[in-house]
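Visitor: Kindly return the folded structure for what I paste below:
(chains A and B)
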Amino acid sequence: MAGSTLASPTASAPRAAPDRARHVSPGLEAWRRFRRHRLAVASVVVIGLMIFAVLFGPILWPVAINEIDFTARLQGPSWSHPLGTDDLGQDILARMLYGGRISLAVGLAAMVVAVVVGTIIGAIAGISRGSVDAALMWLTDLFLALPQLPLLLVIIYLFRDALKELAGPEVGVFVLIVAVIGGFRWMPVARLVRAQFFSLREKEFVEAARALGASTSRQVVRHILPNSLGPVIVAGTIDVAAAIIAESTLSFLGLGFPPDIPTWGRVLYDAKDYLDFAPHWALFPGGAIFLAVLTINFIGDGLRDALDPRKVM
Amino acid sequence: MSQYLLRRLLIVVPSLLGISVVLFTVLALAPGDPFEELAANPSVPPEVAAALRAKFGLDDPIPVRYARWLLAMLQGNWGFSFVSRVDVDVLVLQRVWTTLFVIGSSQILALMIALPVGVYAATRPYSIFDQISSTLAFIGFSLPTFFTGLLLILLFSITLDWLPFVYRADIAATGWRWYWEHVRQSLMPVAVLGLAQGASWTRYVRSAVLDVIRLDYVTTARSKGLAERVVVVKHVVRNALIPVVTLVALQMPAIFGGAIVTEQIFRIPGIGSLLISSILANDTPVIMAVTFVFACLVITFNLIADILYGWLDPRIAYR
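Guide: Presented below is the predicted three-dimensional model:
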């Protein structure tokens, strides 16, 4: 790729020769590169504030999420209700602070599921050539071709009641949604990890480990896996945003969390029939989803510059 | 080329089989069955319920049921909707064209945005235009479709009162008026889907063009004295499109997901809203058929992408 233009202004071109004798740890080097992406740094601040708000907000704004007050229905923002009220007079700020915990937690947990499953499958495929690799990649391609949203809807619809009985309404639905969203998002990670394994497996330092008698599992865990994590972290960050969108979509279609768990998508679903009288009711949760997704995507972009400086897509 | 095509077509068969197995397993493993309500109904004697179960073969082992279902699907017998009392294939065929129309027009809109904007931004990297379009694309692909849909309704239907926000299949008008009404009502759904797709495609096009624009063969084309337009259109874009086609094909499932949401927001009578309503009504035959149709559509579009790929990059066809 001689002379190709880097797709991002902050992605530094690979250095021709190391000009410094001073040792800089890889973490510090990554942070130095990340800092140059100003929007990503701003996004860290914004998403940090949002996480702080949903974690500690219910303490600072102690209004019950299900306190019904028919004298204050569908009111716009005011001092007593900073984000207004819904059709039952419930305080939207309190509901959003509570629901935001679940929206963000679903995003993080689904990302963890996707990254763990994807890394395991990608690692197995990458280290064992031949038929195992071919079979796993066929599976990956099959999952990539599945119509995801229809299947998500069908699975959640079919299994929701059974899990509710098993683990209670909140935990049951949470586990189901996290498992299903994560279960449909591992494929890009698996492909990334496999590709990384293919190139790293033949590198000299792995060969050296092999020559020293390291077992296959030790080669993978100590030498190959840590070196293939950069792109995985980037993909994982973007997966958080995608999982938040997926959960909100399910809730928005009325097939996510039950109404007593006001995730942002669920609040939006309840609000959509009142757009003409109470637009604030839809705008605040929608804006929160958008802001969370946007900042996480920006952080992913910054991390890509920091950890994966080869080429930016 | 024909050999390549044949090979691609042969790969489609196992994928379709695989998807149908996944689908059938999910439905078979699910707790509860369509006859649950019947069994719970005290006015239906248990013998009748058992006879019905035996008639529809619900007590057979799962592989037997799968084979029977697959044979029936292949023969065009898609079952019978429990709710609307219509054959499922009639129901699906009625609605699939609306979905394809909305998706198709939004993809055209997305292409019309992404190609020129992405190429122009990549030919002037880090210019003001590039920075603005990159930021807008980033915002566009971070906006969930359900939120853009509500925002557009709020702006154009409620505040400005320009466009209708309910999509109607039965417009009582003829001639030009009919077309005009159709355009008016599909404007917002198409815009929602098209802008979301256009935003992410712009990023792909831009980075793909950036990858090739400084390559030596482009410099050669310029030094031959070709006009800049010819260099970009004939030399750069054609090569840059190869990775873009792959990425677009990978996004096909997401596009259909977005279509379901859009159909639900604007109440478009397509197969997406049919899926949601049949899920809410526990109408298993329709759920099965619609999900399978979605799978077939995804695979068909992947196949089209593969064919395009072979046309864009002739080296692949003869490999």
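Visitor: for stretch A:154-166, which positions count as buried?
Guide: Buried residues in stretch A:154-166, counted by 16 or more other C-beta atoms under 10 Å in any protein chain shown: A:Val154, A:Ile155, A:Ile156, A:Tyr157, A:Leu158, A:Phe159, A:Arg160, A:Leu163, A:Lys164. (Each C-beta comes from the backbone N, C-alpha and C, glycine too.)
Visitor: Could you pull out the helices in the stretch 1-150 of chain B for me?
Guide: B:2-29, B:36-40, B:46-55, B:62-74, B:88-123, B:128-142, B:145-152 (DSSP state H, counting those that start in this stretch).
Visitor: As CSV, the ones you listed with mean neighbour count and distance to chain A would be great.
Guide: Listed next are the helices of the stretch 1-150 of chain B as CSV, based on neighbours: other C-beta atoms under 10 Å in any protein chain shown; distance: least, C-beta to the nearest C-beta, whole Å:
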stretch, mean neighbour count, distance to chain A
helix B:2-29, 15, 5
helix B:36-40, 12, 11
helix B:46-55, 12, 19
helix B:62-74, 13, 15
helix B:88-123, 19, 8
helix B:128-142, 17, 4
helix B:145-152, 24, 4
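Visitor: quick one on the thing from earlier: need the buried residues of stretch A:154-166 in JSON lines (columns: pLDDT, distance to chain B and secondary structure).
Guide: Below are these laid out as JSON lines (pLDDT from 0 to 100; distance: C-beta to the nearest C-beta, whole Å; DSSP: H, G, I helix; E, B strand; the rest coil):
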{"residue": "A:Val154", "pLDDT": "83", "distance to chain B": "6", "secondary structure": "helix"}
{"residue": "A:Ile155", "pLDDT": "85", "distance to chain B": "6", "secondary structure": "helix"}
{"residue": "A:Ile156", "pLDDT": "83", "distance to chain B": "9", "secondary structure": "helix"}
{"residue": "A:Tyr157", "pLDDT": "80", "distance to chain B": "5", "secondary structure": "helix"}
{"residue": "A:Leu158", "pLDDT": "80", "distance to chain B": "4", "secondary structure": "helix"}
{"residue": "A:Phe159", "pLDDT": "82", "distance to chain B": "6", "secondary structure": "helix"}
{"residue": "A:Arg160", "pLDDT": "78", "distance to chain B": "10", "secondary structure": "helix"}
{"residue": "A:Leu163", "pLDDT": "78", "distance to chain B": "9", "secondary structure": "helix"}
{"residue": "A:Lys164", "pLDDT": "76", "distance to chain B": "11", "secondary structure": "helix"}
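Visitor: show me where pLDDT drops low in the chain?
Guide: Going with chain A. A:1-22, A:72-74, A:76, A:89, A:308-313 (pLDDT under 70).
Visitor: The chain in question should be chain B.
Guide: B:1, B:30-42, B:55-59, B:316-319.
Visitor: Longest helix in it, by number of residues?
Guide: helix B:175-213 (DSSP state H).
Visitor: now that one against helix B:128-142, angle please.
Guide: In terms of direction (axes from the mean of the first three to the mean of the last three C-alpha atoms, to 10 degrees), helix B:175-213 departs from helix B:128-142 by 120 degrees.
Visitor: in helix B:175-213, what's buried?
Guide: B:182, B:185-213.
Visitor: what's the answer for stretch A:36-54, then?
Guide: A:Arg36, A:His37, A:Leu39, A:Ala40, A:Ser43, A:Val44, A:Val46, A:Ile47, A:Met50, A:Ala53, A:Val54.
Visitor: what's the longest helix of chain B packed up against?
Guide: The contact analysis (3 or more C-beta pairs under 8 Å, 6 or more residues apart in numbering or on different chains; DSSP states H and E) places helix B:175-213 against helix B:88-123, helix B:128-142, helix B:145-152, helix B:238-250, helix B:252-266.
Visitor: closest to A:Gly107 out of those?
Guide: A:Gly107 sits nearest to helix B:128-142 of all the helices and strands packed on helix B:175-213, at 13.2 Å, using C-beta to C-beta.
Visitor: Identify the residues contacting the most centrally placed residue in chain B.
Guide: Central residue check for chain B by C-alpha atoms, centre = their mean: the C-alpha nearest the mean position is that of B:Phe256, 2.8 Å away. If a contact means C-beta atoms under 8 Å, 6 or more residues apart in numbering or on different chains, then B:Phe256 has A:Pro147, A:Leu149, A:Pro150, B:Ile103, B:Gly272, B:Phe294, B:Leu297, B:Val298 as its contacts.
Visitor: Mind doing that once more with 7 Å?
Guide: A:Pro147, B:Phe294, B:Leu297, B:Val298 (C-beta atoms under 7 Å, 6 or more residues apart in numbering or on different chains).
Visitor: A:Val232 now?
Guide: A:Val115, A:Thr119, A:Val189, A:Leu192, A:Val193.
Visitor: Assign the residue nearest the centre of chain A to helix, strand or coil.
Guide: Centroid-nearest residue in chain A, with C-alpha atoms, centre = their mean: A:Val240, separated by 0.5 Å. Three-state assignment for A:Val240 (DSSP: H, G, I helix; E, B strand; the rest coil): helix.
Visitor: From A:Pro58, how far out is the residue nearest to the centre of chain B?
Guide: 38 Å (C-beta to C-beta, to the nearest Å).
Visitor: my guess is B:Ala240 meets B:Ala208, correct?
Guide: Yes: judged on C-beta atoms under 7 Å, B:Ala240 makes contact with B:Ala208 at a distance of 4.1 Å.
Visitor: Leaving out the residues flanking it, which one is nearest to the closest residue to chain A within the stretch 151-300 of chain B?
Guide: Of all residues in the stretch 151-300 of chain B, B:Gly257 sits closest to chain A, at 3.3 Å by C-beta to the nearest C-beta. Using C-beta to C-beta, 6 or more residues apart in numbering or on different chains and skipping residues adjacent in sequence, the residue nearest B:Gly257 is A:Leu149, 3.3 Å away.
Visitor: State whether that neighbour and B:Ile255 are indeed in contact, as I suppose.
Guide: No: using C-beta under 7 Å, A:Leu149 is not in contact with B:Ile255, being 10.1 Å away.
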